[in-house]
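Novice: give me a model of this one.
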Amino acid sequence: MRYIFVLIIIGILSGCASTAPQAVVFDNSRTYNKSQDQIWRQLEAYFNTSGIPVKTRDKQKGILLARRHLLRGSIYADCGQSDIASVGDGVLTVKVSLQSLGRQETRATIDVTFSAFRQYGSIAKTRIECFSNGTLEKEIFDSL
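Specialist: Below is the predicted model:
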């Protein structure tokens, strides 16, 4: 019973002192006048130095998946704001898909997701889904 009471209080406080994550509209695809092999090499070079470890590579399908655990909120995502809670224990996931449009033309599509926990002191935590703000996508596109 006491646990339920604490959760109700947290819910009331978080409703008053929090803002929800906001989705930002941006283009997550770009077309380059380069071959898919050239883009792939540049993509691998970016991830080798980015600190975001690659989990899956499939050059034939043109798919690269990278994932990084984060201890606190990310500069790459909007997780909302709260005066009484902190954001942490998150997972940043980046999926890059390459599509050859011709011999010297490749489309790159980048999907970034970020999920984390909103921690209310040592009392409770809730999982939240954050929205990419387009910063990481732009950083990757600019490296290609």
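
Novice: relative to residue 92, how far out is the closest residue in space to residue 59 that isn't next to it in sequence?
Specialist: Excluding its sequence neighbours, the residue lying closest to residue 59 (C-beta to C-beta, 6 or more residues apart in numbering) is residue 40, at 5.8 Å. Heads up, the C-betas are built off the backbone N, CA and C, glycines and all. Distance, residue 40 to residue 92, using C-beta to C-beta, to the nearest Å: 21 Å.

Novice: check residue 32 too.
Specialist: From residue 32 across to residue 92, the span is 24 Å (C-beta to C-beta).

Novice: who's more crowded, those two?
Specialist: Neighbours were counted for residue 32 and for residue 92 using other C-beta atoms under 10 Å; residue 92 has more, 21 against 18.

Novice: isn't the more buried one right up against residue 130?
Specialist: No. Between residue 92 and residue 130 there is no contact under C-beta atoms under 8 Å: 9.2 Å.

Novice: intersection of neighbour lists for the two?
Specialist: Jointly contacting residue 92 and residue 130 under the rule C-beta atoms under 8 Å, 6 or more residues apart in numbering are 74, 77, 114.
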